[in-house]
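> build me a structure from this.
(chains A and B)
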Amino acid sequence: MPILSLLIFLPLLATAFILALPTRYKSSYKYIALAFTAVQFVLAGICYVKFDASQTGVQDLAGYQFVEQIPWIRLDLGSIGKLEIDYLIGIDGISMPLLLLSAFVMLMAIGASWNIQKSPKGYFALLMVLNMAVMGIFCALDFFLFYLFYEVMLLPLYFLIGIWGGARREYAAIKFFLYTLFGSVFMLLIIVGLYFSVINPVTGAHTFNMIYMMNPQNYLGDSIFAWDGYQEILGISARLIGFVVLFFAFAIKVPIVPLHTWLPDAHVEAPTPVSIILAGILLKIGGYGIIRICYSIFPDMAALSNWWLGLIGVISIIYGALNALTQKDLKRMIAYSSVSHMGFVLLGIASLTAEGVSGAMFQMISHGFLSAALFFLVGVVYDRVHDRNIYSFRGLAQLMPKYTGYVAVAFFASLGLPGFSAFIGEAFVIIGSFNAASVGTGLPRWMALAGSIGILLSAAYLLWTLQRMFFGEIRLKGGESWANELTDVNSREQLILFPTLALALLLGIMPSLVFSNLNASVLNLVSFIQQFI
Amino acid sequence: MDQLAHISPLYTALFTVVAPFIAFLYQAMAGKRDQSGVISLIGIILSFIFGGLTWLTIWNHPIVSAQINWFTIGASTFKVGILLNNLNALMLFLVPTVALPVHIYSRAYMKGDTGIHRYWMYLSLFCFAMLGLVVMDSLLLMYIFWELVGFASYLLIGFWFTRETAVQANKKAFIVNRIGDLGFLIGLAIIFTQFKTLNLVDLFGEGGLIYQSSITGGLWVSPVNSMDQIWLTIAGLAFFLAAMAKSAQFPLHVWLPDAMEGPTSVSSLIHAATMVAAGVFLLATVFPLFNESALLFIAIIGTITAASAAYFALGQYDIKRILAFSTISQLGFMMVGIGIGTWDAALFHLVTHAFFKCLLFLSAGAIIHEMAHLKAHSHLGFDPQDLRNMGGLKKYMPKTFILMSVASLALAGFPLTSGYLSKDSIIISSFEWALSKGDLYLIIPISLITVSILTAFYIGRLIFKAFFGDFRMLEQVKDKLHGTALHEAPKTMLIPMLLLGICCLFPLFSLNPVSYHDSWLMHGLLLDEYTFAPSHSAHLIIPLILLIGSVISWTIGWKWYVQNKYPLNASSFALKASFNQGYINELYQWIFVRGTLKLAKFCYWFDRFVVDALVAFIQFIVLSLSQLSVWIDKYIVDGFVNAVASVAYWTGNQVRLVQNGKLQTTLYSVFLFVLLGLIYLIFF
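Predicted coordinates for the structure are as follows:
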């Protein structure tokens, strides 16, 4: 059974159904979307269960699982050679957990879309296209295919923010779109450069196969990204430029400081489900891209530049946290906290130690559903009174005790309370990046110490928010009418929140659920890169 | 009973830890439906029984430990396990022993509170976290429970979450503790980097990795790694930072007085007897890690803490705050014990302090309980915790008075009490330590002796002001009520207090009331050898100085507070500074809180007006460029096209004039073209 293809293209079928059904059945769209996403989740679950944790993956195609390879485009281009694009998909320990996470977050997003009134047909159709694209990104092993999915992802997001968003939705949508496009356009140049540098050792043709791109022996001696023949562009090593351009393309997605300003705007304007997808999946594509593409195709440059990556990570951690501290808009605060938490991912990846990279992967997964839960929680209040200003609320604990309970758990989970998943991620990023100096990867110890300040600041902004909004005597901006509107979480909302937070707890107590699948791939990746130090 | 003895101590220890957790889960699910707290009580009783069994089987027996795999990250495997040695088993028994009376007491004290189901839930969670902390066999697991303890304390301090002061206090407690947690985390990172394991047995067990490592040529060398020797000191200080926050050491002590916003029963359990002791316990566990400089630093901080807190206690009027500062001060003593290398003495003081401080708080709670009732009945607006509203309570609450006095004597280190034994053990050891080190080091024992006498004074002040003299609210209350309506606390509160009172006396710890060396506890924890020689004269002179000093201080206190011959100016700076805790909170607010907020505001300003403005600027540039190209397109590119068209049009127009049908025009034009042709042929 081509399980991955099924996983990727099922949502397209859902789109077709939704588009085909006349508008008078519009109440059924959400059920169609839910059903298909649920099936997808089951399929992703099957992947998880059937996954062989001992397989390594990364730069070794034999170590990938559920691989499907079909020749897709073959063109004889005369003197340039043959164009060879494969439909090549497969997963290893790095993509599999993210795939499962995406399926889970998609389910949450559908649940959060339950009350969408504005043209549900277009909404759910676009959501399903987006779903297909992100699944494709995590599975694609052919760079051309990857790029295709990557660009396809932008389109539905642009419309989802631009049509279903808040007051300044057009601005946010265009900003988001152009920012990402800016990164990916240059990525295309590097892809073409790589294409002309790499040949398929079997057929002798140029190839877009990412796995071939990871093997130094497949590079032509005089090509632009050649390993042996040193090439320069404007006096800078061509391979370094290739690495840096790809890094920035993905770093915009992560996002790193100072390329992050699209994120608060996009989050604030996006409807709740889109925020959930943005924070839960899209940011992870950035981290995934850095590991899968930048680090694996340019391991020599990764080893060379990890000091800078670590620095960017530390700056993002502290800068994001400080910005979060001063926000008055709850959603914006959480958006900035995402910047801070994703900084840990970058720091962990830059450490180039098994603990650090695993910690970074774990942090991505943990942040995936925790930030989704946080945005969902913001949505709960916003749905009721259409206000998100922290100072508009006070003493909510008395009005909405269950809601407060969920918020408190989500806040404590994301500030890294042990027992919850974020703790494992952050602690091992710190331990790994501290260990880096002893392994000799060039990451100084002070970065680990500086990164830990982010843990302190996250406690400050989250607890302060908790104190301002939920504790104390009741005082609402909207007065009595708000008090009536602010009903406690209903069963649909609990149905989404409870499993999410339970998952955070489960992974915090049993991190082996993720680590055991990661280890082989991460160790392989780390040793693959460390040979270039 | 015989069969019980055959149960592995591992299982009994596990039951001890898990029983409160089950109670917590039950209460979390039952919510408001069960307000009785019976399950929590049963949980802690079970803990008490199993903890006792564990302690009996482990005490002075070989170490027991067991572990299972938890998870593997990269190539390193982390394990979950239990470690039972004398220290851990003692703590495992101590925690439920103190918690049990508090649970019983709470049934009366918290009766009728609308959120009582949450109270039981949090209390059970706290007991679970604390018990987990003391039996875990790896630093990572200890760290997990360490933070859970802080979390439970956050919940309990903010139990009355509608009170602004309470939620400010719990936030402050958590964030200050977080600073310590960072120290713990950094310590973990250093240990893991250096030894590739966090297991306590592997690290600190007999012949463990820590003993196999050494300082060679400026490097700290372990069997698996080496790094600069400065990291050994940093590791020690990092763990001490953790202990400083949790055990409220200067300058991170600021959260503890504020934590008194929680219910008094909570203060007695958490902020006196157990959680704050966790720091001392941690330091005792990782003790072999400390080098000379780290130990000296610990001793100095301990002394500063003991002295400053005793000073702050002098000027407080809130009965709970006095006790809070006395806790901080006593924790300072324990830290000195660690710092001079006698962690057995520190642990001894920890155990005795747990009992008498718990009792002091519970007695204070009994007073507050009665005062609060009086306040409710009389509809007067006064602070039930303020000493200035009390006085003469001996008459109304004689049993509370006796019990609190016993605990106070223990705190002051009066002979025949447990506090005498343990406090002397620290002070005398520190004196011996100082003698072996040099004259300058004598500052520490001398400060401790002074602080001890101050301790006697401030606790005497509390007793005199609360129990002696006349009841100060008598006049106001009389009009509202018939009689004073003040009476003894209910039995449910008194019985646990009585049990604790018995534990404050010497026989529990040593059959010889004057020598701490005979205590079973010190024997059980006995270190192989101290680094300094014993001094016999110190054993005689120091207790005598302390005793005389205390008696003098009480005489003064009696004159000042009972006979009302108060000679000092209450508005003098020294007293004001004491009342305001040395203005440390204001200083922190000014520097750290405001500083961080300012920095955060600046960052946000930077984000909007520099980073995002840059994006807007690029947008502006692109838009300007596109406008420029529109202009070029319109006036230059398209202008050229239009110009060509115009020229063609104009030429056509001119040529059209020729075709007007007149012969002369035709001939004229023929002539013109011939002429032009001739010119072309001639010149080109």
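> grab the nearest non-local neighbour of the residue of the stretch 301-450 of chain A found nearest chain B.
Ranked by CB to the nearest CB, the top residue of the stretch 301-450 of chain A for proximity to chain B is A:Ala354, at 2.4 Å. The C-beta positions use only the backbone N, C-alpha and C, and glycine is treated the same way. Ranked by CB to CB, 6 or more residues apart in numbering or on different chains and with sequence neighbours excluded, the top spatial neighbour of A:Ala354 is B:Gly74, at 2.4 Å.
> just give me how far the strand of greatest length in chain A sits from the chain centre.
Of all segments of type strand in chain A, defined using DSSP state E, the longest is strand A:65-76. With CA atoms, centre = their mean, to the nearest Å as the basis, strand A:65-76 stands 26 Å off its chain's centre.
> before we move on, the earlier item: give the contact list for the residue nearest to A:Ala354.
B:Gly74 makes contact with A:Thr353, A:Ala354, A:Glu355, A:Val357, A:Ser358, A:Asn519, A:Val522, A:Leu523, A:Val526, according to CB atoms under 8 Å, 6 or more residues apart in numbering or on different chains.
> quick check, B:Met522 in contact with B:Ile426.
No - B:Met522 lies out of contact with B:Ile426 (CB atoms under 8 Å); the separation is 11.5 Å.
> and for those two, which residues touch both?
Counting by CB under 8 Å, 6+ apart, the common neighbours of B:Met522 and B:Ile426 are B:Ala345.
> between those two, which is the more surrounded one?
Between B:Met522 and B:Ile426, B:Ile426 has the larger neighbour count (other CB atoms under 10 Å in any protein chain shown), namely 29 against 22.
> now render the contacts of B:Gly74 as JSON lines, adding pLDDT.
JSON lines is the format used below for the contacts of B:Gly74 (pLDDT from 0 to 100):
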{"residue": "A:Thr353", "pLDDT": "90"}
{"residue": "A:Ala354", "pLDDT": "89"}
{"residue": "A:Glu355", "pLDDT": "89"}
{"residue": "A:Val357", "pLDDT": "92"}
{"residue": "A:Ser358", "pLDDT": "92"}
{"residue": "A:Asn519", "pLDDT": "89"}
{"residue": "A:Val522", "pLDDT": "91"}
{"residue": "A:Leu523", "pLDDT": "91"}
{"residue": "A:Val526", "pLDDT": "89"}
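> residues contacting residue 173?
No chain in the question, so chain A it is. A:Tyr158, A:Phe159, A:Ile161, A:Gly162, A:Gly165, A:Ala266, A:Glu269.
> right idea, wrong chain: chain B
Counting by CB under 8 Å, 6+ apart, B:Ala173 touches B:Gly150, B:Ser153, B:Tyr154, B:Ile157, B:Trp255, B:Leu256, B:Asp258, B:Ala259.
> hang on, the earlier thing: pull the most distant pair out of the contacts of B:Gly74.
Farthest-apart pair in the contacts of B:Gly74 is A:Thr353 and A:Asn519; separation 13.0 Å (CB to CB).
> which of these two has more neighbours?
A:Thr353 (28 against 22).
> would you check how far apart B:Val477 and B:Lys375 are?
Distance of B:Val477 to B:Lys375, given as CB to CB, to the nearest Å: 9 Å.
> same thing with A:Leu246?
Between A:Leu246 and B:Lys375 the computed distance is 70 Å (CB to CB).
> give me the more crowded residue out of the two.
Legend: neighbour count by other CB under 10 Å for A:Leu246 and B:Lys375, higher for A:Leu246 (24 against 18).
> could you check which helix or strand contains that one?
Per DSSP states H and E, A:Leu246 falls inside helix A:238-253.
> output the below-cut-off pLDDT ranges for the chain.
No chain specified, so I'll use chain A. The model of chain A has pLDDT under 70 over residues A:1, A:80, A:229.
> you looked at the wrong chain, it should be chain B
Ranges of chain B meeting pLDDT under 70: B:1-6, B:478-485, B:526-531.
> where along it do the strands fall?
Ranges of strands within chain B are B:64-73, B:76-84, B:214-216, B:219-221, B:226-228, based on DSSP E.
> what of chain A?
In chain A, the strands defined using DSSP E lie at A:65-76, A:82-91, A:232-233, A:236-237.
> for the chain, longest helix please?
Picked chain A for this. In chain A, taking DSSP state H as the definition, the longest helix is helix A:354-385.
> should've been chain B
helix B:343-378.
> can you report how many residues neighbour the closest residue to A:Ile73 other than its chain neighbours?
Excluding the flanking residues, the one nearest A:Ile73 by CB to CB, 6+ apart is A:Ile85, at 4.1 Å. Residues near A:Ile85, counting by other CB under 10 Å, number 19.
> my guess is A:Ile85 contacts A:Phe146. True?
No - at 11.1 Å, A:Ile85 does not count as touching A:Phe146 under the criterion of CB under 8 Å.
> quick one: residues contacting the residue in the stretch 251-400 of chain B positioned nearest to chain A.
Nearest residue of the stretch 251-400 of chain B to chain A, counting by CB to the nearest CB: B:Glu261, 11.9 Å away. With CB under 8 Å, 6+ apart as the criterion, the residues that contact B:Glu261 are B:Ile157, B:Gly158, B:Trp160, B:Arg163, B:Thr165, B:Ala166, B:Ala169, B:Asn170.
> and those, which are buried?
B:Ile157, B:Gly158, B:Ala166, B:Ala169, B:Asn170 (16 or more other CB atoms under 10 Å in any protein chain shown).
> near chain A, list only the ones from the residues you listed.
Applying CB under 8 Å from any CB of the partner chain, the subset of the buried ones among the contacts of B:Glu261 adjacent to chain A comprises B:Gly158, B:Ala166.
> which of the buried ones among the contacts of B:Glu261 sits closest to A:Ser119?
With CB to CB as the yardstick, the closest approach to A:Ser119 among the buried ones among the contacts of B:Glu261 comes from B:Gly158, at 45.2 Å.
> skipping adjacent residues, who's closest to that closest one in space?
Per CB to CB, 6+ apart, closest to B:Gly158 is B:Asn170, 3.5 Å.
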